[in-house]
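J.: 3D, please:
(one chain, ligands or ions: 2)
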Amino acid sequence: HALSPSKLEIISSGAIVVDSSGRIQLLLRDTDPTTNLLTTITAALPAPPPTSPITIHQLRPGRFLIPGFVDTHNHAPQWEQRGLGQGMHILDWLEKITFRNEARFADPAHARRAYASCIDGFLRQGVTMASYYGSLHGEATNILADLCLEKGQRAFVGKCNMSRGSPGYYRDASVKESLDVTERCIEYVRGIDPEGRLVKYVLTPRFAISCDDEVLKGLGGIARRNPDLPIQTHFNEAEQEMQATRELFPQFANEVDLYAHFRLLGKRSILAHCCYVSEYEMVRLKELGCGVAHCPASNMTVGGGFMAAPVREFMRRGIKVGLGTDSGGGYSSSMLDAMRLAIVASNAREVMSGGKDGGLSISEVFYLATLGGAEVCCLGDKIGNFEVGKAFDAIVVGTLGEDQGVMTVVGEEDGLSTVFEKFVMTGDDRNIIQVYVQGRRVKG
Ligand code: GUN
Ligand code: FE
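T.: Ligands and ions are numbered 1, 2, ... in the order given. Alright, predicted model coming up:
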């Protein structure tokens, strides 16, 4: 697990003790394989002795644990359109492919079926926490929240606010309707998970050009009255989008000033893409404490800026960064792919910057996919690694025999860090044997 961007901790022999509420109670390092594990654990547990029996799950050879992946940017209704529209610019892709597809979520039966398939697909790939954009429909968004809770995925779920800029068949009926549906969804999600243990509502102005000023203003007001709610939007994604934004909002010189004016920027803001960020905006993003959802797949293939975002610069300045699949603008829903593509994009950026912004390492992208993402979602004290007190959100990775899939073969002489590197660069869901969220097994 990652302790920081530069610190990957590998424990070759250890144990994690999880209590009945799914919290990590102990992390034992360097356990002695010749001593009885139950004896070791019992000795390490603080008094008084546990009231319920301890069950031990021992990993087979070739298997190891990593924290669950945090997907900081994801569109649940786009699950069934992944891979479509390669090379299209964002506004064309929205109009020609995406809005038609998302409009189908007016039908609750369609939403239930498609969202069940989406959540199962992400859990299977080890995504234990996802920040989801829904469609614009309140009922479908509530169904998404229900299904996350039922299937045990940690999630932020938000109805897209979009009152203009899209065809009449897929647009909020009015400003009032956009805000009213939002308020009702917030209440609904609070009702099904009152403490926000797994599922939370996230305020989701799709992007500025899909929102009337009054919608942005209204959402800013809701954000102020509900300081517990995260906020997400698309930000400085592509030239085409940035130009349209400037034309619609000529009073603002840039997107930071625009969203900040409507009080939508702060520590709980998750800004997708951030491909083009000026010096002024860098300074402001840092001051405001916003987090960046870096989505290399879509940035380099569809919708985005066909651009490698300046991740090294964000990290250098201490701006929070995590990874997003941006599924389906991103053709892949795999966080392993997001990690690899983040390396590819960072190498391109290294060349573009004349060597100033060095490429990202395996441990850095792994940090971004776990603890970095948790911090972007303001969940850094709750998930992201195996620190005592955090929730047990974890993946059992398998690398030998029938677990191997097509991953690079593991040699007898390979140390755990080599096996880990082979998994990150060549593994897939066949190597993801079991998945846990809050101590509950949700796959395998
Ligand atoms: N900007 C507004 N909507 C979208 C979307 O669905 N995907 C991406 N990548 N960018 C957007
Ligand atoms: Fe997106």
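J.: torsion angles phi and psi at Lys200?
T.: phi -130, psi 150 (degrees, to the nearest 10).
J.: OK, contacts around the closest residue to it other than its chain neighbours?
T.: Setting aside the residues directly before and after it, Lys200 is nearest to Phe156 in space (C-beta to C-beta, 6 or more residues apart in numbering), at 5.2 Å. (Each C-beta comes from the backbone N, C-alpha and C, glycine too.) Contact analysis of Phe156 by C-beta atoms under 8 Å, 6 or more residues apart in numbering lists 130-132, 199-202, 230, 232, 377.
J.: turn those into CSV, columns for secondary structure and neighbour count.
T.: CSV is the format used below for those (DSSP: H, G, I helix; E, B strand; the rest coil; neighbours: other C-beta atoms under 10 Å):
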residue, secondary structure, neighbour count
Ala130, strand, 29
Ser131, strand, 28
Tyr132, strand, 28
Val199, strand, 21
Lys200, strand, 24
Tyr201, strand, 27
Val202, coil, 22
Pro230, coil, 23
Gln232, strand, 30
Cys377, coil, 29
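J.: quick check: the farthest pair among the residues you listed?
T.: The most widely separated members of these are Val199 and Gln232, with 14.7 Å between them, by C-beta to C-beta.
J.: Val442 is in contact with Gly22, correct?
T.: No - assessed by C-beta atoms under 8 Å, Gly22 is found out of contact with Val442, at 11.3 Å.
J.: those two - which one has more neighbours?
T.: Val442 (21 against 18; other C-beta atoms under 10 Å).
J.: which residues touch the more buried one?
T.: Contacts of Val442 by C-beta under 8 Å, 6+ apart are 123, 128, 151-153, 435-436.
J.: next step: the residues you listed restricted to helices.
T.: Among the contacts of Val442, DSSP state H puts 123, 151 in helices.
J.: give me the buried subset of the contacts of Val442.
T.: Buried members of the contacts of Val442, scored by 16 or more other C-beta atoms under 10 Å, are 123, 128, 151-153, 435-436.
J.: and these as TSV, adding pLDDT and distance to ligand 1?
T.: Shown next, in TSV, are the buried ones among the contacts of Val442 (pLDDT from 0 to 100; distance: C-beta to the nearest ligand atom, whole Å):
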residue	pLDDT	distance to ligand 1
Leu123	98	22
Thr128	98	23
Lys151	98	23
Gly152	98	26
Gln153	98	20
Val435	98	26
Tyr436	98	30
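J.: quickly note the distance from the residue of the stretch 301-444 of the chain found nearest ligand 1 to Glu237.
T.: Using C-beta to the nearest ligand atom, the single residue of the stretch 301-444 of the chain nearest to ligand 1 is Gly329, 3.3 Å away. Remark: distance between Gly329 and Glu237 (C-beta to C-beta, to the nearest Å) = 9 Å.
J.: these two: which has the busier surroundings?
T.: Gly329 (33 against 29).
J.: show me where the stretch 301-444 of the chain has strands.
T.: Along the stretch 301-444 of the chain, counting by DSSP state E, counting those that start in this stretch, strands occupy 320-323, 394-398, 432-437, 440-443.
J.: take these and lay them out in TSV including distance to Leu8.
T.: Shown next, in TSV, are the strands of the stretch 301-444 of the chain (distance: least, C-beta to C-beta, whole Å):
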stretch	distance to Leu8
strand 320-323	16
strand 394-398	14
strand 432-437	19
strand 440-443	24
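J.: ranking those by burial, who's on top?
T.: strand 320-323 (a mean of 29; mean count of other C-beta atoms under 10 Å).
J.: what's next to that one, contact-wise?
T.: Contacts of strand 320-323 (C-beta under 8 Å, 6+ apart): 70-72, 289-296, 311, 314-315, 335, 338-339, 342, 365, 368-369, 372-377.
J.: of these, grab the buried ones for PyMOL.
T.: One line in PyMOL is enough to select the buried members of the contacts of strand 320-323, burial here meaning 16+ other C-beta under 10 Å:
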select buried, resi 70+71+72+290+291+292+293+294+295+296+311+314+315+335+338+339+342+365+368+369+372+373+374+375+376+377
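J.: ok, Leu258 - how many residues close by?
T.: Count around Leu258 with other C-beta under 10 Å applied: 20.
J.: re earlier: and of the strands of the stretch 301-444 of the chain, who's closest to Thr141?
T.: Nearest to Thr141, of the strands of the stretch 301-444 of the chain and by C-beta to C-beta, is strand 432-437 at 20.4 Å.
J.: just want the angle from that closest one to strand 394-398.
T.: 170 degrees (axes from the mean of the first three to the mean of the last three C-alpha atoms, to 10 degrees).
J.: follow-up on the earlier one: is it possible to get a markdown table of the contacts of Phe156 that adds pLDDT and distance to Arg112?
T.: Formatted as a markdown table, those follow (pLDDT from 0 to 100; distance: C-beta to C-beta, whole Å):
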| residue | pLDDT | distance to Arg112 |
| --- | --- | --- |
| Ala130 | 98 | 18 |
| Ser131 | 99 | 21 |
| Tyr132 | 99 | 15 |
| Val199 | 98 | 16 |
| Lys200 | 98 | 21 |
| Tyr201 | 98 | 19 |
| Val202 | 98 | 20 |
| Pro230 | 98 | 25 |
| Gln232 | 98 | 23 |
| Cys377 | 98 | 25 |
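J.: now do the contacts for the closest residue to Asp428 other than its chain neighbours.
T.: Distances taken as C-beta to C-beta, 6+ apart place Gly405 nearest to Asp428, at 6.1 Å, with adjacent residues excluded. Neighbour list for Gly405: 427-428, 430-431 [criterion: C-beta under 8 Å, 6+ apart].
J.: could the residues you listed go into CSV alongside neighbour count and pLDDT?
T.: CSV is the format used below for those (neighbours: other C-beta atoms under 10 Å; pLDDT from 0 to 100):
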residue, neighbour count, pLDDT
Gly427, 24, 98
Asp428, 14, 98
Arg430, 13, 98
Asn431, 23, 98
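J.: can you list the residues you listed in JSON lines and add distance to Asn36?
T.: Listed next are the contacts of Gly405 as JSON lines, based on distance: C-beta to C-beta, whole Å:
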{"residue": "Gly427", "distance to Asn36": "33"}
{"residue": "Asp428", "distance to Asn36": "36"}
{"residue": "Arg430", "distance to Asn36": "33"}
{"residue": "Asn431", "distance to Asn36": "30"}
